[in-house]
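Asker: Give me the fold of what follows.
(2 chains)
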Amino acid sequence: MTRKRLSAVRSAAQARKAVYAALAVTFALTTAGCNGGGNATNAEGGAGTSASGESRGSITVSLYDRGTVPSSEGTMDNNRWTKWVNENGPVNVKYVTVPRFESLQKFNVLFASRQAPDLIFEYDTAYQGQLYNQKQLLPLDDLIAQHSTEYKAMLDKYPALKKAGMMEDGKTYLVGRAMALAPQHYLLIRKDWLDKLGLDVPTTPEEFLAVAEAFTQQDPDGDGQANTEGTGLSFVAGIILNNMYGTGFTLFGEDQIPWVLENDQVVHDWDRIRASIAFQQQLYDAGVADKDFVTDKNGEKQKQTWISGKLGIYGSNGADVGSYEALKQNVPDAEVIAIALPTTEFGSYSPTLSSPVQMTGMVNAAAKDPEAVMSMIDFMVSDEYTNTIQNGIEGVNYELTPDGRAKAIDPEKNKTELEYNRDMSMLTPLIGKNYGLKNKVDPTPAEQDYIKIYDEAVKAYMDPSRPMVGITQRAYLPLLPQNLATLNTNANKTILDMAMQTIVGGGGPAAVDQFIADAQAIWDKAGGAQVDEFYANWYAEHKDDAILMDDIYEMGEQMKQDE
Amino acid sequence: MKFTKGERTFYVFNYVLLTLAGTLCLLPLLHLASLSLSGKNAVLSGFVSLWPQEITFESYKLLFEGTPILRSLGNSVLITLVGVALSMVVTVCAAYPLARREFYGRRWISLAIVFTMLFTGGLIPTYLVVSSLGLVNNYGSLWLPALVSTYNMMIMRSFFENIPEELVEAARIDGSGEWRLLLRIVLPLSLPVLATIGLFYAVYYWNSFFNVMIYINSPEKLNLTVLIQQMVRSQSVLQEINTMDTQQVTNITPEGIKAAGIMVMILPMLALYPLLQKYFVKGVTLGAIKG
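Answerer: Numbering: from 1, shown residues only, chains lettered A, B, ... in the order given. Predicted structure coming up:
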């Protein structure tokens, strides 16, 4: 193999010589200029100071680049924080930047040309599975057992991290972090409108429809014009309306997960979808929602209507203080509360909560010095690292409050000097006293209001008696093999389009029944039974070692105690 | 000039339709410009349609202070200027001989070149070639693979072929050598095609995105398109349902700044068109030969 490599190198060198000679004239000036720049950056990686004098390992680590580094701070791979890592970390780190929103393409090219970094960070779980299938990843069990301290301790503390890091062959390939379990999707309603019209918070679909109608017809904003909408139907609001009926088959976003547990068996549900589509059709027919909700794929329009104070019921993604603040600016009297999902004939459910563990990191199978990589992983979960990357340098960027929380000295300065480093903390546990809205030192009035909304949401959603829908969260479902994944995506795309047409097309329950019959036919014809079977088999085999809904709520409890 | 009734109706229709089409193209641009000039709250609330609300230059200020856009702009200009110069030289050098009738075997050579339009090596092999030439993370990787666009070369060749043979003969009789013939006679007569092809190349290099992303690794060498793309796509994080936390939200580029970035990206190309337009007027060669 070495001989083959050598000859390849040699012929490449010859080719290079030939081409360089041919292009020498045209390129002489231009490439010379650029090579200078290239060498300068290469030198940077090796320039990390070796404080202790003993030989330090050198590794490469991937890092997202979102184009958010101010010029005054340098670049994503060369700034005060990457320097800090090289000065204070256990190894010399050369960062390989990857454009955040074309990351898969870039990683593919890097892997194909054997230039992929030793330590790889990528959020996309499907891509993680792909790298595993391509045997590009290094199993980490021995490495963790023999060389890890910090990350090993983390695994002991949060066993779910270990479960989530394992691939099909039972070995650990992924590293990740724990995150506080928190509401992700909020069903928000204008309390001031409810009060003005003398209505109660809706607790059933019928009441929900009645409230939405009142919001639309009775001029709740009092401007004398019929310009208000009762409820959002797109994106998060649409997802929530499906969740409310207990189905994870959502019309927006990437999750089309119709499987539910019945008598400890995985079943492909159609009844819940039928009911939720029928209800959304009713809402649409009643004229209480945006007529063009179908085109509002990422909920941007719904959000604008909400912020401008013309929408009564809104689905919000995350603790979106910015939108709340903008709404208050437009309508100072607006009062917003988070409400529980109305109860349907299928029971009471909650919308999506954030995932308590998130797997983000992998080690390249071709890494030359896996022990050095492990020491970097350990460093990245250490208190010193997480604290510095999140809050900056004590006395420069933050000072400690009496109860030990970090308070920014100059938030404006941190915006420039600190915020761009967020992607360096992909192993930082998002938990504890320096994380989350509730722990913010000196919250603004808007943030204080939102903490109230957050508390209501915690009460309404983080309750195992009103569980999230499905077998488990999407992140913990096994990845479908490529052929099944393609089949699943294609069939779902057709079914989604039909569902949208059913909602906007009218035609009452008969049309919904027809939709379900058509959808079932499409699913069967595409071979969907194989997908159903895949999940059923997986559940039968792994129900004891997989992360299921119960585990998620249990972990949430544990994390609450840790705080 | 007097128009007949039929002609007049035709022109009225023509003008109305073209005005409509032109306005339709302008509207999105106007919307973007308004977004970039409006206050944050107006943008968030969806109050901005065609005219800016609460006019402010805040977005541009944040864009230039908070992002590496100036550096990216500089890189884009460098990539475009050098790229166009190199491509033009090589394209002319390929198109001119192929247009000369006395060039033996030009038919076969043309065919061989056109043949490359049908197949490409594919992404990974191309990358490996570029990489083995040592061009990764070097602008050479952008210029070399795109040095000649076959399509542009064919257009230029056809144009050269249409230059009257008599002019060339006349120059020869006056004692002109081959280089002088090309530089003093053929190229000055070909300004329209040079301007057109130059513009094609300029737009290509200015917009080059995928190659930059694949071949260029150092953030300080990235160009404007990659930067703007990251800003525009940052919105897509919102569609990831489970994986979003407050940290990611802070990384989403606000709508107004995004719009400002897009304006910075398209304005230079917009400005280039009117400058080159005068060369598009064909007919310089009209009346050069009699009979």
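Asker: which residues sit in contact with the residue of the stretch 251-400 of chain A found nearest chain B?
Answerer: Sorted by distance to chain B under CB to the nearest CB, the residues of the stretch 251-400 of chain A start with A:Gln304, at 3.0 Å. In short, each C-beta sits where N, CA and C put it, glycine included. Going by CB atoms under 8 Å, 6 or more residues apart in numbering or on different chains, A:Gln304 touches B:Leu44, B:Ser45, B:Gly46.
Asker: Please list the members of the residues you listed that lie in helices.
Answerer: B:Leu44 (DSSP state H).
Asker: Now rank the contacts of A:Gln304 by neighbours and give me the top one.
Answerer: In terms of neighbours by other CB atoms under 10 Å in any protein chain shown, the contacts of A:Gln304 top out with B:Leu44 at 25 neighbours.
Asker: Any residues of the stretch 51-200 of chain A in contact with chain B? List them.
Answerer: Counting by CB under 8 Å from any CB of the partner chain, the residues of the stretch 51-200 of chain A close to chain B are A:65-71, A:75-77, A:96-97, A:99-102, A:105-106, A:109, A:112-113, A:115, A:123, A:179, A:184-185.
Asker: quick one: A:Ile273 and A:Asp513 touch, right?
Answerer: No. At 11.8 Å, A:Ile273 does not count as touching A:Asp513 under the criterion of CB atoms under 8 Å.
Asker: Which of those two has more residues huddled nearby?
Answerer: Using other CB under 10 Å as the criterion, A:Ile273 and A:Asp513 rank with A:Ile273 on top: 26 against 14.
Asker: Can you list the buried residues in whichever strand or helix holds the more buried one?
Answerer: Under the criterion of DSSP states H and E, A:Ile273 resides in helix A:271-285. Within helix A:271-285, the residues scored as buried using 16 or more other CB atoms under 10 Å in any protein chain shown are A:272-284.
Asker: One more: stretch A:543-552?
Answerer: For stretch A:543-552, by 16+ other CB under 10 Å, it's A:Ala546, A:Ile547, A:Leu548, A:Met549, A:Asp551, A:Ile552.
Asker: so the fourth one makes contact with A:Ser465?
Answerer: No. Taking CB under 8 Å as the contact criterion, A:Met549 and A:Ser465 are not neighbours in contact, 11.9 Å apart.
Asker: Burial check on B:Val203, number of neighbours?
Answerer: 15.
Asker: Write out the residues of the stretch 351-500 of chain A neighbouring chain B.
Answerer: A:352, A:354-355, A:358, A:415-416, A:419, A:422-423, A:425, A:430, A:436-437, A:473-475.
Asker: With just CA atoms, put the strand or helix carrying A:Ala460 into PDB.
Answerer: In the assignment (DSSP H and E), A:Ala460 maps to helix A:445-461. This file holds the C-alpha atoms of helix A:445-461, laid out as PDB (Å, rounded to 0.1, in the frame of the first residue of the first chain):
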ATOM      1  CA  PRO A 445     -38.600  43.800  31.400                       C
ATOM      2  CA  ALA A 446     -39.400  41.800  28.300                       C
ATOM      3  CA  GLU A 447     -37.300  38.900  29.600                       C
ATOM      4  CA  GLN A 448     -39.000  39.100  33.000                       C
ATOM      5  CA  ASP A 449     -42.400  38.800  31.200                       C
ATOM      6  CA  TYR A 450     -41.100  35.900  29.200                       C
ATOM      7  CA  ILE A 451     -39.900  34.100  32.300                       C
ATOM      8  CA  LYS A 452     -43.500  34.100  33.400                       C
ATOM      9  CA  ILE A 453     -44.600  32.600  30.100                       C
ATOM     10  CA  TYR A 454     -41.800  30.100  30.400                       C
ATOM     11  CA  ASP A 455     -43.000  29.000  33.800                       C
ATOM     12  CA  GLU A 456     -46.500  28.600  32.500                       C
ATOM     13  CA  ALA A 457     -45.200  26.500  29.700                       C
ATOM     14  CA  VAL A 458     -43.200  24.300  32.000                       C
ATOM     15  CA  LYS A 459     -46.300  23.700  34.100                       C
ATOM     16  CA  ALA A 460     -48.400  22.900  31.100                       C
ATOM     17  CA  TYR A 461     -46.000  20.900  29.000                       C
END
